[in-house]
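Asker: got a predicted structure here, sequence first:
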Amino acid sequence: MLAARRILTLAGSTAVLGGLIVAAVRTALPAVLVATPIVGALWLLVLVDCGYRVGRERAHRRRRTRRGQHAAWTPDPHVRTPITYPGILRRPPGGDPVDRQGDFRAFGIRLAVLPALAVLFLTVQILFLRDSEALAVGFVLAECLLLAVMVWTVWKGQDPSRPWVVNRVRGELFRREMYLLLVGVGPYLGLGAQNAQQVRDARLDLLSTAGLPQLDDLGRFTERTAQGAERHWQDEVWRRGTQQLSDPTDATERMRTYLDYRIQRQALFMELAGEKCERTEESLGRVAKGMVILGIAIALPYAGLLLLGRGGDGPSTAASIVALLAACAPPLCGAVSAVQNLFAAQRLALSYQETRQELRGHENTLRTLLAQPLTPDAFLSFQALAVRVESTLAEELRRWRIIVARPEFDAGL
């Protein structure tokens, strides 16, 4: 639905621009000639924004339909899903981190291409429009518009990654909360079903309205005593953990559920996300190298044309076109490099790979526990392992925040 709406927006703006171009050619009215480049600049901004968002939505749709990618993780049909346990809730509807990611990157891509577009309009005006006063004014005003949009984007985009970061942190903490309740660790250690649900409701209320500082407090793996001392959850498992199992069958089921739906599923997510980042980095790297080679390939013929054109009446059309390409190639290279830095795909891929390796180690540990007879000490080991797993995932989230966080967008001409 959103993709169709954006395609209609692009089609409508294209129709308006096409009508203006036809009117400018037929009437040559000064007002129409001035307006045409300005509308063309706005159309390019719409093209960049809608093109990225539509392409992104289609890429997500293709990944969802590739069921073969998920063959690495197939849950055992005999293993209970987390939602079937008492007290476990589904994630409430709300902001989707994927949508916030799209908004953040769309803003960044727009800012990356604006300098190149401004240089394009200015260069066209200088090289080709010396005899058309109205059209030249239109191109200069279009350049001013692009620069104004760039400044507005920078000013408006203060802490641009914050909505994306807040939504992902909130989603990860809600997911973590359900698994802490499933395993019975952290704030739920040693609580009965009724008391655990009361604690759950109180913490979920905080999660639903908390800002980033409050979310950071909720994400801690320690609890504060009445004397002000902090105790780590993993230490508390061994200090206050149960010494007897009331229902060994239920405990085993919870261990298997945690293995399948928390560890293995998260490991698969890290694998697929890492592969996606590697493909993105490879594609952007090829484009960046291609732009550098193109810039060099254009600069050399342009230098030759300058030497051959000395003493003539003025630059030829071919020389003007080569000059246009030579002027636009450097800012285009800068735009590609800015987009590459915006996506930070290489750094994210390394973080995902490291987390996946740690999760595989935790998976082997839990499989070893499941292969042994279940004793109170074995279940305590499982609870301590669950805290380590959640710490691993929290560390990945911390690295992710460091990589994607932007206090503001940067722009340079």
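Answerer: That came through fine. Note that the structure is predicted; figures quoted are calculated from it, not measured.
Asker: what kind of secondary structure is the most centrally placed residue in the chain in?
Answerer: The centre of the chain sits closest to Q101, judged by Cα atoms, centre = their mean, with a distance of 3.9 Å. With DSSP: H, G, I helix; E, B strand; the rest coil as the basis, Q101 sits in helix.
Asker: separation between it and L393?
Answerer: As judged by Cβ to Cβ, to the nearest Å, Q101 and L393 stand 18 Å apart. For glycine as for every other residue, the C-beta is placed from the backbone atoms N, C-alpha and C.
Asker: P248 too?
Answerer: Counting by Cβ to Cβ - P248 and L393 are separated by 27 Å.
Asker: over to G186?
Answerer: Distance of G186 to L393, given as Cβ to Cβ: 13 Å.
Asker: quick one, phi psi at the closest residue to R175 other than its chain neighbours?
Answerer: Of all residues not flanking R175 in the chain, R91 sits nearest, at 7.1 Å (Cβ to Cβ, 6 or more residues apart in numbering). R91 adopts backbone torsions of phi -70, psi 130, taken as degrees, to the nearest 10.
Asker: my guess is R91 contacts F174, does it?
Answerer: Yes - here R91 reaches F174: they are 5.5 Å apart, a contact under Cβ atoms under 8 Å.
Asker: these two: which is more packed in?
Answerer: Shown here are R91 and F174; by other Cβ atoms under 10 Å, F174 has more neighbours (19 against 11).
Asker: packing partners of the helix or strand encompassing the more buried one?
Answerer: Assigned by DSSP states H and E, F174 belongs to helix 162-183. If you count contacts as 3 or more Cβ pairs under 8 Å, 6 or more residues apart in numbering; DSSP states H and E, helix 162-183 packs onto helix 97-128, helix 193-209, helix 212-218, helix 248-257, helix 376-404.
Asker: give me the mean pLDDT for the longest one.
Answerer: When pLDDT is averaged along helix 97-128, the result is 87.
Asker: distance from the following helix or strand past it to the middle of the chain?
Answerer: Moving toward the C-terminus from helix 97-128, the next helix or strand (DSSP H and E) is helix 133-156. Relative to its chain's centre, helix 133-156 lies at 29 Å (Cα atoms, centre = their mean, to the nearest Å).
Asker: equivalent analysis for stretch 91-111, please.
Answerer: The answer for stretch 91-111 is 7 Å, by Cα atoms, centre = their mean.
Asker: please identify the buried residues of it?
Answerer: Going by neighbour count (16 or more other Cβ atoms under 10 Å), the buried part of stretch 91-111 is P97, R100, Q101, G102, F104, R105, A106, F107, G108, I109, R110, L111.
Asker: and what of stretch 179-199?
Answerer: Neighbour counts over stretch 179-199 (16+ other Cβ under 10 Å) mark 179-189, 196-197, 199 as buried.
Asker: next one: stretch 398-406
Answerer: For stretch 398-406, by 16+ other Cβ under 10 Å, it's R399, W400, R401, V404, R406.
Asker: for R176, which non-adjacent residue is closest in space?
Answerer: R176's closest residue in space is E390 (Cβ to Cβ, 6+ apart), at 5.6 Å.
Asker: how many residues are close by that neighbour?
Answerer: 23.
Asker: how about V46?
Answerer: Look at V46: counted by other Cβ under 10 Å, it has 17 neighbours.
Asker: shouldn't it be in contact with S13?
Answerer: Yes - V46 is within contact range of S13, at 4.8 Å (criterion: Cβ under 8 Å).
Asker: follow-up on the earlier one: of the helices and strands packed on helix 162-183, which is nearest L348?
Answerer: Nearest to L348 among the helices and strands packed on helix 162-183 is helix 376-404 (5.8 Å), distances taken as Cβ to Cβ.
Asker: on that earlier part again, reformat the buried residues of stretch 91-111 as TSV; add distance to V39.
Answerer: Output for the buried residues of stretch 91-111, formatted as TSV (distance: Cβ to Cβ, whole Å):
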residue	distance to V39
P97	35
R100	31
Q101	30
G102	26
F104	28
R105	26
A106	21
F107	22
G108	25
I109	21
R110	17
L111	21
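Asker: tell me the one among those nearest to H232.
Answerer: The shortest approach to H232 among the buried residues of stretch 91-111 belongs to P97, at 28.1 Å (Cβ to Cβ).
Asker: I'd guessed the closest one sits against W164; true?
Answerer: Yes - using Cβ under 8 Å as the test, P97 is close enough to W164 to be in contact (6.2 Å).
Asker: pLDDT weak spots in the stretch 151-300 of the chain?
Answerer: For the stretch 151-300 of the chain, the stretches with pLDDT under 70 are 226, 228, 243-244.
Asker: any idea which element the closest residue to A112 other than its chain neighbours lies in?
Answerer: Among residues not flanking A112 along the chain, A338 sits closest, at 3.8 Å (Cβ to Cβ, 6+ apart). Using DSSP H and E, A338 maps to helix 317-343.
Asker: same question for that helix, mean pLDDT?
Answerer: In this model, helix 317-343 has a mean pLDDT of 83.
Asker: can you give me the angle that helix makes with helix 376-404?
Answerer: Inter-element angle recorded for helix 317-343 and helix 376-404: 150 degrees (by axes from the mean of the first three to the mean of the last three Cα atoms, to 10 degrees).
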